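Participant: here is a sequence with its predicted model. Questions after.
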Amino acid sequence: MISYCEQIRQTHSFFRDDRGLFFNETEGFVYRNSVAMPILQIGELAKKLSEEYLAANRAIPWRAIMGMRDIFAHHYGAVDFQELWQTSHEDVQNLEAYIRAGV
């Protein structure tokens, strides 16, 4: 998961964290897709965690992570770009810090 968190951070850096480009309907798809795929992968990995681990680590919204993965995999047209931006900047950062803390 850490690798995917790093990829998201690197993607934002590559695109100079350009919010205007991210939300641009005709040109922002490459940026958005580059952020969405690692988030999808994080959700895929979360689905492989044991129920015991999920129960013991409630500080992370695992079900929401898995749900976002399902939206990306099955209903990409329904993705809320504002939520994707927020998730990729805040939630992914919190997840990475949590994992690196060894919890």
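Facilitator: Nice, thanks for sending it over.
Participant: switch to C-alpha atoms for all contacts and neighbour counts from now on
Facilitator: Noted.
Participant: which SSE is the nearest residue to residue 78 once chain neighbours are set aside in?
Facilitator: Closest residue to residue 78 apart from its sequence neighbours, by C-alpha to C-alpha, 6 or more residues apart in numbering: residue 71 at 7.1 Å. For residue 71, the element it lies in under DSSP states H and E is helix 62-74.
Participant: can you give me how far that helix is from the chain middle?
Facilitator: Relative to its chain's centre, helix 62-74 lies at 9 Å (C-alpha atoms, centre = their mean, to the nearest Å).
Participant: buried ones in the next helix or strand after it?
Facilitator: Later in the chain than helix 62-74, the nearest helix or strand by DSSP H and E is helix 81-86. Buried residues in helix 81-86, counted by 16 or more other C-alpha atoms under 10 Å: 84-85.
Participant: burial check on residue 65, number of neighbours?
Facilitator: 22 (other C-alpha atoms under 10 Å).
Participant: ignore the last one, residue 64
Facilitator: If we define neighbours as other C-alpha under 10 Å, then residue 64 has 11 of them.
Participant: look up how far residue 30 lies from it.
Facilitator: Using C-alpha to C-alpha, to the nearest Å, one gets 24 Å for the distance from residue 64 to residue 30.
Participant: which residues in this structure form helices?
Facilitator: Listed in chain order, the helices of the chain (DSSP state H) span 2-14, 19-23, 29-46, 51-56, 62-74, 81-86, 92-100.
Participant: got the angle for the lowest-mean-pLDDT helix or strand in the chain vs helix 29-46?
Facilitator: Using mean pLDDT, DSSP states H and E, the weakest-scoring helix or strand in the chain turns out to be helix 62-74, at a mean of 92. Following axes from the mean of the first three to the mean of the last three C-alpha atoms, to 10 degrees, one obtains 130 degrees for the angle between helix 62-74 and helix 29-46.
Participant: need the contact partners of helix 62-74.
Facilitator: Contacts to helix 62-74, defined as C-alpha atoms under 8 Å, 6 or more residues apart in numbering, come from residues 36, 39-44, 46-47, 54, 78-79.
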